[in-house]
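S.K.: attaching a predicted model along with its sequence, questions to come.
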Amino acid sequence: MEDFARLFGGLLAFVYHCFDRIVIRSHLPLLTRPENIVHFFRDVHGIGPITKEVLRQRTTEYHQWVEAFARNRKLPMEWAEKGVRKEDYVRPWLQRTDRQGRCGVYFILKSMEVGTSFRSAMPKYPTADPNYRILSRQRSRFTHYYFYIRDPVLGPIALCVGSFLPFSITYYLNGHHFIEQQLRSAGVKFRKNDNAFLWVADPQALQAAADRLNAKIIRTRLEYWSLVVGPKFSTKDRHAINLSRYYSIQQVEYCRNLIFRRNFPIHKLFERSCDLGLLRLCADSISQIFGWRLHKRWPGQLTSKLDQIQHGHHVLRAYAKNAVIRMYEKFSTFLRLEALSNNLKDFGLKKGLDNLDQVRRTLATVTDRFAAFEARALNVHVDFSLFQRLALPIAAGARKTPGIKIHDTRMLRLMEVLLHTGTKVLGWRTADIHQAILSSFSLAPANYTLTQLRYDLRKLKAHGLLERDGRRYAYRLTDKGTRAALLFVLFHQRVCGPLANSLFHRRPTQPATPLSKIEAAYHKADRSIDQVIQLLAA
């Protein structure tokens, strides 16, 4: 990442890294095996034969409780539509809840999905115990409830609760929502779009908030909402059997976000990254980025590809085992490098929630290696259409300020005078600049009036090349204006003029040894242009 920051540090507004999407699954360890279910019903509740009706009774009770919960709180509860993204469907209700400043459940969706349940069957042959039943785990389709919640700490989260024993729950949360809540509570101003921060008043506070997300905070909030909307157990059940939940990480995304100051470099950089990525992201490079060693018995795929999500929006992906690293641009100035893992065992990590800090360090290292790889690929010049951009007019309300043309002699004279070091101390007033231009270029006052000068100064100021000295009517070039003025003046005097003179007026004689490197470059460019003209004539 140091190489990337060294190359593009001047173009970056700020950089932050954090968890993005985290999928956590929990289950009750003492209700996941058939022998545990037998103990729960027979020894704790004194139920003899554990039939399908006994198992379904728990599901029926939970269905009734969810319906009463939605009815008492006037919550919308619907079946999820096929082909419609659930988060997009419930977003209007989330925005309404956010505007009202409320926390809690704001929507419930029902969905038929495959999950783990238990099956009760009669034994094939008669047994001495008439109440004996064969219990076995199975995969079947049954109702799952999606509770969409706005949490005061984690922000918007979702809980998917299975309505059959063993009542497993899947949690969906996003690290950007947690950071948003932390910044709001700290009073730090920011601008956020979807799951991306585009501006923040204090970048250090943003990174500190991202680093505060840990396993303890997540477990505390998930246990609270599991108790509120999860399946219900009586006090007798809790005393008889340990009903604490075990939380495991099923999917995790860790991202490194680069926010540029303007749109120009990001699209060019991303285009070149995609071109070089498909060529250079070979098996060796991908394995080095993930920190794995290649061998003959490599499991899974090891490829790179470029996907087009929508028109003009591409995602560069590199796959290895059950992990993916992605790069894409959003919102014109936002570039994201993201590492995704669907199985932490690939990295030699345990999936328990307590290992979240180790997961953070490992995936942050992966994104850092990917940024270093991109920096080596992008250590080149890219096309910068400065002359074309400055030539375009600037709109300010109903008025339009004309652009600055490379062939405008008046602007070139003004820039050359403003480049004088005397203007950088306290700035020059308009009358002083006017007198300096007249004396430097031997102009008569009628050929260049004060009105024309003020018009040229307004153009420079509109394009961000000129600034006032406080509240005084004295002007100096900005940092951008100094660079642009140097480029305009040097290009006109040292490149455009000599080359045009060699082509249309006279060609300089070939000396034995050029006096300087710039003269040698002129002669080389002259010969190259002459060859181009000859080829065109042929």
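M.R.: In hand now; what should we look at?
S.K.: the residue lying farthest from the centre of the chain and residue 42, how far apart?
M.R.: Distance from the centre of the chain peaks at residue 128, with 64.0 Å (Cα atoms, centre = their mean). Distance, residue 128 to residue 42, using Cβ to Cβ, to the nearest Å: 16 Å. From N, CA and C alone the C-beta is placed, and that goes for glycine too.
S.K.: could I get the buried residue list for stretch 230-245?
M.R.: By 16 or more other Cβ atoms under 10 Å, the buried positions in stretch 230-245 come out as 230-231, 233, 241, 243, 245.
S.K.: and if you look at stretch 54-64?
M.R.: Neighbour count says stretch 54-64 has 54-55, 58-59, 62 buried, by 16+ other Cβ under 10 Å.
S.K.: got it, and stretch 143-152?
M.R.: Neighbour counts using 16+ other Cβ under 10 Å place 143-151 of stretch 143-152 among the buried residues.
S.K.: cool, and stretch 463-481?
M.R.: Result for stretch 463-481 [16+ other Cβ under 10 Å]: buried residues 463, 465-467, 474-478, 481.
S.K.: can you list the neighbours in contact with it?
M.R.: With contact meaning Cβ atoms under 8 Å, 6 or more residues apart in numbering, stretch 463-481 is reached by 390, 394, 401, 403-404, 418-419, 423-424, 426-430, 433, 457, 460-461, 484-485.
S.K.: what kind of secondary structure is the residue farthest from the centre of the chain in?
M.R.: Secondary structure for residue 128, judged by DSSP: H, G, I helix; E, B strand; the rest coil, is coil.
S.K.: what's the answer for residue 137, then?
M.R.: The three-state assignment at residue 137 reads strand, by three-state DSSP.
S.K.: residue nearest the centroid of this protein?
M.R.: residue 336 (4.1 Å).
S.K.: that one contacts residue 258, correct?
M.R.: Yes: using Cβ atoms under 8 Å, residue 336 is in contact with residue 258, at 7.5 Å.
S.K.: quick check: buried residues in the helix or strand hosting residue 440?
M.R.: Taking DSSP states H and E as the definition, residue 440 sits inside helix 430-441. For helix 430-441, a neighbour-count test (16+ other Cβ under 10 Å) marks 433-434, 436-438 as buried.
S.K.: from those, pick the one nearest residue 196.
M.R.: residue 433 (44.0 Å; Cβ to Cβ).
S.K.: ok, residue 216 to residue 26 distance?
M.R.: Distance of residue 216 to residue 26, computed by Cβ to Cβ: 15 Å.
S.K.: these two - which one has more neighbours?
M.R.: residue 26 (22 against 11; other Cβ atoms under 10 Å).
S.K.: can you pull the pLDDT of the nearest residue in space to the more buried one that is not next to it in sequence?
M.R.: Spatially, and ignoring its direct neighbours in sequence, residue 26 is nearest to residue 245 (4.3 Å; Cβ to Cβ, 6 or more residues apart in numbering). At residue 245, the pLDDT value in this model is 93.
S.K.: which ones are touching residue 245?
M.R.: By Cβ under 8 Å, 6+ apart, the contact set of residue 245 is 26-28, 169, 223, 226.
S.K.: for residue 47, same thing?
M.R.: By Cβ under 8 Å, 6+ apart, the neighbours of residue 47 are 41, 54.
S.K.: mind checking the SS state of it?
M.R.: coil.
S.K.: and the pLDDT for it?
M.R.: Looking at residue 47, the pLDDT reads 89.
S.K.: what does residue 79 give?
M.R.: Confidence score, pLDDT, at residue 79: 95.
S.K.: remind me which residues of the stretch 1-150 of the chain are low pLDDT?
M.R.: 1-2, 7 (pLDDT under 70).
S.K.: what segments of it are helices?
M.R.: 2-8, 34-38, 52-72, 86-100 (DSSP state H, counting those that start in this stretch).
S.K.: returning to what we had before: go through the helix or strand following the helix holding residue 440 and flag the buried ones.
M.R.: Going down the chain from helix 430-441, the next helix or strand is helix 450-462, by DSSP H and E. Buried positions in helix 450-462, judged by neighbour count with 16+ other Cβ under 10 Å: 453, 456-457, 459-462.
S.K.: for residue 76, the count of nearby residues, please.
M.R.: Using other Cβ under 10 Å: residue 76 sits among 12 other residues.
S.K.: ok, now which ones touch it?
M.R.: By Cβ under 8 Å, 6+ apart, the residues touching residue 76 are 70, 93, 107-108.
S.K.: which of the residues you listed are buried?
M.R.: Buried residues within the contacts of residue 76, counting neighbours by 16+ other Cβ under 10 Å: 70, 107-108.
S.K.: tabulate the residues you listed (a markdown table), appending distance to residue 323.
M.R.: Below are the buried ones among the contacts of residue 76 laid out as a markdown table (distance: Cβ to Cβ, whole Å):
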| residue | distance to residue 323 |
| --- | --- |
| 70 | 39 |
| 107 | 32 |
| 108 | 33 |
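S.K.: from the residues you listed, pick the one nearest residue 365.
M.R.: residue 107 (38.0 Å).
S.K.: correct me, but the closest one touches residue 75?
M.R.: Yes: the pair residue 107 and residue 75 qualifies as a contact (Cβ under 8 Å) at a distance of 6.7 Å.
S.K.: any common contacting residues for the two?
M.R.: Among the neighbours of residue 107, none is also in contact with residue 75 (Cβ under 8 Å, 6+ apart).
S.K.: which residues are in contact with residue 496?
M.R.: Residues near residue 496 by Cβ under 8 Å, 6+ apart: residue 406.
S.K.: part of a strand, is residue 159?
M.R.: Yes: counting by three-state DSSP, residue 159 is part of a strand.
S.K.: list the beta-bridge partners for it.
M.R.: For residue 159, the beta-bridge partners under DSSP bridges are residue 147, residue 171.
S.K.: and the contacts of residue 76 as TSV, adding distance to residue 289?
M.R.: Below are the contacts of residue 76 laid out as TSV (distance: Cβ to Cβ, whole Å):
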residue	distance to residue 289
70	47
93	40
107	39
108	41
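S.K.: ok, which pair from the residues you listed is furthest apart?
M.R.: Largest separation among the contacts of residue 76 by Cβ to Cβ: 70 and 93, giving 12.9 Å.
S.K.: and the residue lying closest to residue 461 once chain neighbours are set aside, how close does it get to residue 62?
M.R.: Using Cβ to Cβ, 6+ apart and skipping the chain neighbours, the partner closest in space to residue 461 is residue 467 (7.3 Å). Plainly put, residue 467 is 67 Å away from residue 62 if you go by Cβ to Cβ.
S.K.: now do the contacts for residue 175.
M.R.: Residues counted as contacts of residue 175 (Cβ under 8 Å, 6+ apart) are 18-22, 210, 213.
S.K.: what's near enough to touch residue 417?
M.R.: Counting by Cβ under 8 Å, 6+ apart, residue 417 has contacts 423, 433, 436-437, 440.
S.K.: hmm, 6 Å instead?
M.R.: Applying Cβ atoms under 6 Å, 6 or more residues apart in numbering, we find residue 417 in contact with 436-437.
S.K.: give me the secondary structure label for it.
M.R.: State at residue 417, reduced to three classes by three-state DSSP: helix.
S.K.: i'd like the first residue to be 5 from this point on
M.R.: All right, first residue 5 from here; so that's residue 421.
S.K.: distance of it relative to residue 205?
M.R.: For residue 421, the distance to residue 205 (Cβ to Cβ) stands at 38 Å.
S.K.: can you give me the helices for the stretch 355-504 of the chain?
M.R.: So, for the stretch 355-504 of the chain - with DSSP H, counting those that start in this stretch - the helices run 360-381, 390-394, 413-422, 434-445, 454-466, 483-494, 501-508.
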